[in-house]
Structure formats: structure tokens, C-alpha cells
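Colleague: any chance you could fold what I've pasted below:
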Amino acid sequence: MLTRRLIPSMLLKQGRLVKGVRFRDHRDAGYPPTTARAHSHQGADELILLDIDASKTGQEPDFKTVREVASECSMPVTFGGGVRSIEDARACMDAGIDKICLTTTALDDPALITRLAQIFGSQAVVLGVDVADGSCLYDHRSDSTIADPRPIDWIREGVDRGAGEIRLMAVNREGSRSGMELDLLVEVLDAVSVPVILEGGAGTLEHLEEALHAGADGVAVGTMLVFSDNNLVKVKRHLAGSDCDMRL
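Modeller: Numbering: from 1, shown residues only. Prediction:
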């Protein structure tokens, strides 16, 4: 069995990190390079950095912050938000990013998945899938749900187009600390053979343990690290002691 991954998830807004609940009511969560440095020192397996302004407002990615964050990390970094072209992706890679996460821009231009996979390899292309109400894609362009395509159909299409990994977010659980969406995870694992990273709802060590035992290749955590006394060292030790195949 492959080693499971514990991945801090950082949301970037106007040069600062933020964290909210169900994609709303964002609070300041710190300075990106400083937080990335702490996660790196504590043994994060990877890091996800998402620019939540770029896709919604039509801005280009915040390349300055991307470069600063990547320079602090000894682990792989995935970046998403506003990547609309090969040139955007290449600029991110040149700044030190290892994987590109496409969410809104993939819905705008599904063929972008294939173009990036052909140039950078499928392992460098992550499809971000935000699922609301358990059955609808969440559309950041309109702050609402869309009925078509269905999440599972979109995930299959994304993998067929070349995505090498899925970042699966349960919007209704994001920031709630109420537990992760395991039924959705199992449905996706049954549909595709690429790694699936689950995010949204982690509030306890047991929540993370349940997700990994349910088959998640990794868990992405945000609120649990920002607004509690947990840290990556504590979390990884617990998971390793719970037969979760963690790298210490």
C-alpha cells in the first residue's frame, strides 16, 4: 500500500491567507510564506495553495506570493486559481510549483486539462472538484451550484482528459469541523483509478483517520490546523499509530 499524505490547504486572498466556513465569512489566517515554512518544518507531505480571487475576478495568479511560498517548501506544492493557459502554468512551474490544480478554469475550458497533461504530464495536473449538497458542482463564478455536469461524470471526464489526481472538496462541510464526506469519497474511488485527496469537514484526528481508512490517498486540512491546537507533527503521529501508513 502506498503511503498516505497529510496536506495543509492554504487559501490565498489579496496576499493573505484566509479561512472560512462553506466558502463564506473568511477570516485572516496569516502570512503565506511564514505559514508554508512552518508546515514544511513540521513534515507536511505536500501543500496546496489556492488563490480564491483569481478565477472569480478574472485576475492572473498571484505569482509573487506563489514564488515566496514555494521557496519555503521542501515538499511538493500544488497551486490553483486563475491558471487559464499553458503560459500561466509554466510561470507557476518556473516559480517552484510541482502541480497545477484546475477547478473553475477547467469548467471554462475542459480541453485545458489535456493541454497541460500533454506538456507537463498527468502527474502534474490535479482536477479540483467542489461538490455542494452531495450531488452538484459548486460554481465559483456565480457562487451557486450547477446541475450539469454531475460531479461524478465531470470527474470521469477530467481523468479521461488527462488529470492525474482529484482534489475532492465537500463544500457543505468546509470549515465546519463536522466530519468528512466519506460516502462521496467512496463513490469517486469506485469511479476512477487516480489518487483522490479529500478535503472539507475535518475537525478531529478521528475524522482524518476515517477518511484514510475509507480509501483516501490523502487528506487536505485547513481549519483544523489554523483554528485549533493541532499541528502536523501531532496529527501525523496519531495517524501513523492508527495504521494509516503515514510517512513520519
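Colleague: can you give me the helices in the protein?
Modeller: Using DSSP state H, the helices of the chain run over 32-41, 54-57, 63-71, 86-94, 104-108, 111-120, 151-161, 182-191, 205-213, 223-226, 232-240.
Colleague: can I get those in CSV including mean pLDDT and mean neighbour count?
Modeller: Quick note: C-beta positions are derived from backbone N, CA and C, even for glycine. Shown next, in CSV, are the helices of the chain (pLDDT from 0 to 100; neighbours: other C-beta atoms under 10 Å):
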stretch, mean pLDDT, mean neighbour count
helix 32-41, 96, 18
helix 54-57, 78, 18
helix 63-71, 96, 19
helix 86-94, 97, 18
helix 104-108, 93, 20
helix 111-120, 98, 18
helix 151-161, 98, 18
helix 182-191, 96, 17
helix 205-213, 96, 20
helix 223-226, 85, 22
helix 232-240, 92, 17
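Colleague: ok, which of the ones you listed comes nearest P8?
Modeller: Of all those, helix 32-41 sits nearest to P8, with 4.5 Å by C-beta to C-beta.
Colleague: which helices and strands does that closest one pack with?
Modeller: strand 5-13, strand 16-21, strand 47-51, helix 63-71 (3 or more C-beta pairs under 8 Å, 6 or more residues apart in numbering; DSSP states H and E).
Colleague: how about 10 Å then?
Modeller: strand 5-13, strand 16-21, strand 24-30, strand 47-51, helix 63-71, helix 223-226, helix 232-240 (3 or more C-beta pairs under 10 Å, 6 or more residues apart in numbering; DSSP states H and E).
Colleague: list the contacts for the residue nearest to E199 when sequence neighbours are not counted?
Modeller: Of all residues not flanking E199 in the chain, A220 sits nearest, at 3.8 Å (C-beta to C-beta, 6 or more residues apart in numbering). For A220, the contact set (C-beta atoms under 10 Å, 6 or more residues apart in numbering) comprises 5-10, 46-48, 50, 78, 167-169, 197-200, 202, 211.
Colleague: rerun at 6 Å
Modeller: Applying C-beta atoms under 6 Å, 6 or more residues apart in numbering, we find A220 in contact with 7, 9, 48, 197, 199.
Colleague: hmm, which two among the residues you listed are most spread apart?
Modeller: S9 and I197 (9.1 Å).
Colleague: the closest residue in space to I97 that isn't next to it in sequence: what's it in contact with?
Modeller: Sequence neighbours aside, F79 is the residue nearest to I97 in space, at 4.5 Å (criterion: C-beta to C-beta, 6+ apart). Residues near F79 by C-beta under 6 Å, 6+ apart: 49, 66, 92, 97.
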